[in-house]
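Engineer: I need the structure of the sequence given here:
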Amino acid sequence: MDNNYGNLQKVRNGKRKFAITPYIPGGFILPETLERIAKVTKKYNGVLKITSGQRIMITNLEESDLIAIWAELGMEPAVKKQNSVKNVEMCPAGYCKRSKHNTIGIGMKLANKYKWADMPCRTKIGVAGCRNACGSVYSKDVGVIADVTGIRVVAGGSAGYNPRLADIIALDLTESQASNVVDSIFDYYKENAEAGEKLGFFIDRIGIEDFKAAVLKGANL
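Structural biologist: The predicted structure is shown next:
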């Protein structure tokens, strides 16, 4: 691996420590993978942190150890570049008594399709199996939320420096229709947004009604 994908952490007394975050799709992880992460972390005196993005960060690492650590983990980094899809957060869906639809399937399809995908700005996707929207789906750039009448797709959320609640783009969709709407959102966003422009800012700039009209037309709805 040419890039060690390490993030510089707080420098204390001139000592530089780094963190890495392996790719864990939807926060679902095999027991043996979890054991391997623990073993490698112990070996290199790391510290484990469960992140808000359903991932496991290993921090307190030496920069000189990073390439060896990645090799021993046998995993890929969660993030490879700044302006890209950062992650797809998912609720337990099929394992939860409140779920109205097992959205793990559509979540994994989105994760496989859009991981590391280039975007005008850093982008997050949320997927939930009911309107409780666990995982703060309404604060994600794009959200897919199941209901008893079908799936809704929302867009433009942000929980960062400028918080914004996502707008509802379409309601009562099938899983296939919801996937098409998400594809259309990203196609329109990439074609028309300015570099570094968050999806929510882009929607505010052009207007939600024009955005919805273009997206739904692109999704053939």
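Engineer: nearest residue to Val11 other than its sequence neighbours?
Structural biologist: Lys17 (7.7 Å; CB to CB, 6 or more residues apart in numbering). Backbone N, C-alpha and C define where each C-beta goes, glycine included.
Engineer: in the chain, what secondary structure element scores lowest on mean pLDDT?
Structural biologist: Within the chain, no helix or strand scores below strand 7-8, which has a mean of 92 by mean pLDDT, DSSP states H and E.
Engineer: and that one, how far from the chain's centre?
Structural biologist: 20 Å (CA atoms, centre = their mean, to the nearest Å).
Engineer: can you point me to the longest helix in the protein?
Structural biologist: helix 175-192 (DSSP state H).
Engineer: just the mean pLDDT for that one, thanks.
Structural biologist: The average pLDDT within helix 175-192 is 98.
Engineer: now Asp187. Nearest residue, chain neighbours left out?
Structural biologist: Once flanking residues are discounted, Asp187 sits nearest to Gly218: 6.1 Å by CB to CB, 6+ apart.
Engineer: contacts only, for that neighbour.
Structural biologist: Shown in contact with Gly218 (CB atoms under 8 Å, 6 or more residues apart in numbering): Asp183, Ser184, Asp187, Tyr188.
Engineer: stretch 140-152: which residues count as buried?
Structural biologist: By neighbour count with 16 or more other CB atoms under 10 Å, stretch 140-152 contains the buried residues Lys140, Asp141, Val142, Gly143, Val144, Ile145, Ala146, Asp147, Gly150, Ile151, Arg152.
Engineer: just those residues: which are in strands?
Structural biologist: Val142, Gly143, Val144, Ile145, Ala146, Asp147, Gly150, Ile151, Arg152 (DSSP state E).
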